[in-house]
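Engineer: quick check, what structure comes out for this input:
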Amino acid sequence: MNLADTAEMWWKSAVLYCADVETFLDLDGDGRGDLRGMLNRVDYLADLGVTCLWLMPFYPTAGRDDGYDITDFYGVDPRLGSAGDFVELVRTCHSRGIRVIIDFVMNHTSDKHPWWKSAVRSKDDPRRDWYVWRSSTPPDTSKQVVFPDKEDALWDKDPASGQWYLHNFYKTQPDLNLANPAVREEVIRTMSYWLQLGVDGFRIDAVPFLFAEDQLPKREQKFPSFDPHEYLRNLKAYAGRLNGQAMFLGEVNLPYADMAKFFGSGDADELSMQFDFIGMQAIYLALARGDARPLATAMRDRPAVDVGSQWANFLRNHDELTLDKLSKSERQEVFDAFGPEKDMQLFDRGLRRRLPPMLGGDERRIRMAYSLMFSLPGTPVLFYGEEIGMGENLDVPGRLSVRTPMQWQPGDNAGFSIAGKRRLVRPVTEGAYGPDDVNVGEQRSDPDSLWSFVQRLISRYRQSPEIGWSTAEVLDHADHRVLAHVCRKDDWALVALHNFAGEPVEVSVDVPGLTRGTILVDLLTPGRPERMKTGPRGRITMTLPAYGHRWWRVVPEGDRRIDH
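Structural biologist: Next comes the predicted model:
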């Protein structure tokens, strides 16, 4: 493998870190995190090993969907800082070798956005057709709503005009009409603005909604149909002209076959990366069963991608932990194991919990899960606080239970803010996962902490680009409790073993392409690296402890890489 090849498509071996500005660090003392606070923690991210910061929405907002109901796509929420603060943050990140991507939310606006206020004034308003309207009574869409606890239809009636408008999310978030060329031009204009301010790409929100054609009766269609994939290719090409290394990370929660279409026709000419929702859900089913087979099946089903494309691996994100691609009985297995109480579940399809509480605080299982995430072919994505094992706060409603203030140190407010508790944007998690027991300050100085383990994973991942540049290759063996896979790129290879069981398992696995006597080096165990040789047919035989995990680097003759 040629290391120089990894420079151009940086996202294939990056480590992404998703952070919410308003819950990360409050530097001005008003109880809400801010861009200056985020800038203050850039060196922390660099120390952890993060190479790309993904910022959740920081735009002006009506405050009804945690920043995703935007009132100005060109602005910065004044409570979080200014455009100048944003540029300083990007410039500082770049100086530390950290790229920055931002949420791109152009499926809808807030109903407080000036475009919508203009659109509802009159049917003849120039902005009217920037949204999706119908005069005929819409069909029943109750089974299609995204938020069944708040909405019962995708269409809502405008009392002034008597027409219905489309909102795939909350009724306070009317959908933009991408069939309208003027709207498509505005999307490009918005993208251009942020690229000129220095961002390195976008996490594109709700891609299937953004690029799907809105189903209207033919007599009410005002614009010719457009090819959403062609439009996405045009967006990607335009971004590439402004920033040759711009990356698009798409939220596309669809079956694998449908997801593959959004990578494009080759060389990532549409999305650069997509979150592997199916693989993530298979991980939780495997954890619940203590059986690696659900994940092995998902990895074998996962489509291979072209050289410019990539899968993004994750265990948690900022929304509910969706289980919608599991069968009803499989979903119930995960609920029973990790969220048996109704208050832990959301929308009958997901969990509003973080990983450590779901695993009962079992450090062995937690570390195995993160080792697994970093070792699977693809790019790992961390949600803020995962590196220290933060828990959720179920007293906070809905999805926000996992978006609590970052826990920097013990004591009141977790070092997040000097404001009084009642002024905090969201209450700090309390109890066993509160800041007195889970915080950055104590873990960074402890070589045996979860933070130190995640830092080691990041370091080993960065030293093993074959992980990000390979296709899933699951190895056959006799014990279904262990997942064995190899990441292989040219003459570089890494073999990973993960035990999903709560007892030791002896495993013997043949690695195709290896011969007797091939040298393997252990990458994860602290201290002097262990070395071993393979048996006949490249066989590895070893006993993994309960929830044990090992990464073995294949050392070909003449290899000059540093072991650790």
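Engineer: Val307 touches Phe263, doesn't it?
Structural biologist: No - contact status for Val307 versus Phe263: not in contact, 11.1 Å apart, counting by CB atoms under 8 Å. In this view, the C-beta of every residue, glycine as well, is placed from N, C-alpha and C.
Engineer: so Phe335 is in which element?
Structural biologist: helix 328-338 (DSSP states H and E).
Engineer: list the buried ones in that helix?
Structural biologist: 330-331, 333-335, 337-338 (16 or more other CB atoms under 10 Å).
Engineer: rewinding a little: Val307 and Phe263: which is more packed in?
Structural biologist: Phe263 (24 against 12; other CB atoms under 10 Å).
Engineer: kindly provide the distance from that one to Asp306.
Structural biologist: As judged by CB to CB, to the nearest Å, Phe263 and Asp306 stand 7 Å apart.
Engineer: and the buried residues of helix 328-338 as a markdown table, adding distance to Asn317 and pLDDT?
Structural biologist: Below are those laid out as a markdown table (distance: CB to CB, whole Å; pLDDT from 0 to 100):
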| residue | distance to Asn317 | pLDDT |
| --- | --- | --- |
| Glu330 | 20 | 98 |
| Arg331 | 18 | 98 |
| Glu333 | 21 | 98 |
| Val334 | 16 | 98 |
| Phe335 | 18 | 98 |
| Ala337 | 20 | 98 |
| Phe338 | 16 | 98 |
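Engineer: just the CA atoms of stretch 306-313, as CSV, please.
Structural biologist: In CSV, the C-alpha atoms belonging to stretch 306-313 read as follows (Å, rounded to 0.1, in the frame of the first residue of the first chain):
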residue,chain,number,x,y,z
ASP,A,306,-15.3,2.4,-5.2
VAL,A,307,-11.9,3.9,-4.2
GLY,A,308,-13.3,7.4,-3.5
SER,A,309,-16.2,6.2,-1.3
GLN,A,310,-16.4,5.1,2.3
TRP,A,311,-18.6,3.7,5.0
ALA,A,312,-18.8,5.5,8.3
ASN,A,313,-18.9,3.3,11.4
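Engineer: and the strands in the stretch 451-564 of the chain?
Structural biologist: In the stretch 451-564 of the chain, the strands defined using DSSP state E, counting those that start in this stretch lie at 482-489, 492-499, 505-510, 519-522, 531-533, 539-544, 549-555.
Engineer: could you dump the ones you listed to TSV with mean neighbour count and mean pLDDT?
Structural biologist: Formatted as TSV, the strands of the stretch 451-564 of the chain follow (neighbours: other CB atoms under 10 Å; pLDDT from 0 to 100):
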stretch	mean neighbour count	mean pLDDT
strand 482-489	24	97
strand 492-499	24	97
strand 505-510	17	98
strand 519-522	19	97
strand 531-533	13	95
strand 539-544	16	97
strand 549-555	22	97
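Engineer: how about JSON lines for the ones you listed, with distance to Lys150 added?
Structural biologist: Listed next are the strands of the stretch 451-564 of the chain as JSON lines, based on distance: least, CB to CB, whole Å:
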{"stretch": "strand 482-489", "distance to Lys150": "38"}
{"stretch": "strand 492-499", "distance to Lys150": "39"}
{"stretch": "strand 505-510", "distance to Lys150": "45"}
{"stretch": "strand 519-522", "distance to Lys150": "50"}
{"stretch": "strand 531-533", "distance to Lys150": "56"}
{"stretch": "strand 539-544", "distance to Lys150": "45"}
{"stretch": "strand 549-555", "distance to Lys150": "40"}
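Engineer: residues contacting Arg460?
Structural biologist: 374, 523-524, 551, 564 (CB atoms under 8 Å, 6 or more residues apart in numbering).
Engineer: cutoff 7 Å now
Structural biologist: In this structure, Arg460 makes contact with 523-524, 551, judged by CB atoms under 7 Å, 6 or more residues apart in numbering.
Engineer: gap between it and Val90?
Structural biologist: Counting by CB to CB, the gap from Arg460 to Val90 is 28 Å.
Engineer: before we move on, the earlier item: which one of the strands of the stretch 451-564 of the chain lies nearest to Glu8?
Structural biologist: strand 482-489 (15.2 Å; CB to CB).
Engineer: same for the closest one, what does it pack against?
Structural biologist: Applying 3 or more CB pairs under 7 Å, 6 or more residues apart in numbering; DSSP states H and E, we find strand 482-489 packed against helix 293-301, strand 492-499, strand 505-510.
Engineer: what's the closest of these to Asp20?
Structural biologist: For Asp20, the closest of those is helix 293-301, at 28.5 Å, according to CB to CB.
Engineer: where does the prediction get shaky in the chain?
Structural biologist: Applying pLDDT under 70 to the chain picks out residues 563-564.
Engineer: give me the distance between the residue of the chain most remote from its centre and Ser118.
Structural biologist: No residue in the chain has its C-alpha farther from the mean C-alpha position than Asp124, which lies at 40.9 Å (CA atoms, centre = their mean). Counting by CB to CB, the separation of Asp124 from Ser118 is 11 Å.
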